[in-house]
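Undergrad: give me a 3D structure for the following:
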Amino acid sequence: MGIISWIILGLLAGVIAKVLLPGRDPGGFVGTTFIGIAGAFIGGWISARWLDHPISKDFYDGATWVAAIGGSLVLLIVYRLLFGNSRD
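TA: Model prediction:
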């Protein structure tokens with residue numbers, strides 16, 4: 001997969017993470033989207049580095065999607081913990 005594919009995967013992973021973890025986000029939809037992109041990269045890196053599952057060249061690989069969504073969820077939770085009260 002190229003960089004554009006990872007960005008698209010990250011956009012979709014961010015939206016899925018937002019659906020799975022509803023609530024008020026400090027960054028809104030745009031911030032959640034950027035968190036999804038970063039989560040896709042981090043999830044893919046963790047998957048390749050520690051879970052012994054190399055990054056697939058196929059956009060429709062289920063493990064790649066799970067890694068991207070998992071990374072997005074983790075970053076979204078950390079982001080909410082760090083900046084969650086800034087919109088009160």
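Undergrad: where exactly do the helices run in the chain?
TA: If you assign secondary structure with DSSP state H, the helices in the chain sit at 3-20, 28-49, 62-83.
Undergrad: give me the residues contacting the shortest one.
TA: Just to be clear, that refers to helix 3-20. Outside helix 3-20, the residues that touch it by CB atoms under 8 Å, 6 or more residues apart in numbering are 1, 25, 29, 32-41, 43-44, 59, 64-65, 68-69, 71-73, 76. No exception for glycine: its C-beta is placed from N, CA and C like everyone else's.
Undergrad: what would the helices of the chain look like in CSV with mean neighbour count?
TA: Written out in CSV, the entries for the helices of the chain read as follows (neighbours: other CB atoms under 10 Å):
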stretch, mean neighbour count
helix 3-20, 18
helix 28-49, 19
helix 62-83, 18
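Undergrad: what sits against the most centrally placed residue in the chain?
TA: The chain has Ser72 as the residue nearest its centroid, 2.4 Å off, counting by CA atoms, centre = their mean. Taking CB under 8 Å, 6+ apart as the contact definition, Ser72 lies against 10, 13-14, 16-17, 35-36, 38-40, 43.
Undergrad: and the gap between the nearest residue to Gly70 once chain neighbours are set aside and Phe34?
TA: Once flanking residues are discounted, Gly70 sits nearest to Gly43: 5.3 Å by CB to CB, 6 or more residues apart in numbering. Applying CB to CB, to the nearest Å, the value for Gly43 to Phe34 is 15 Å.
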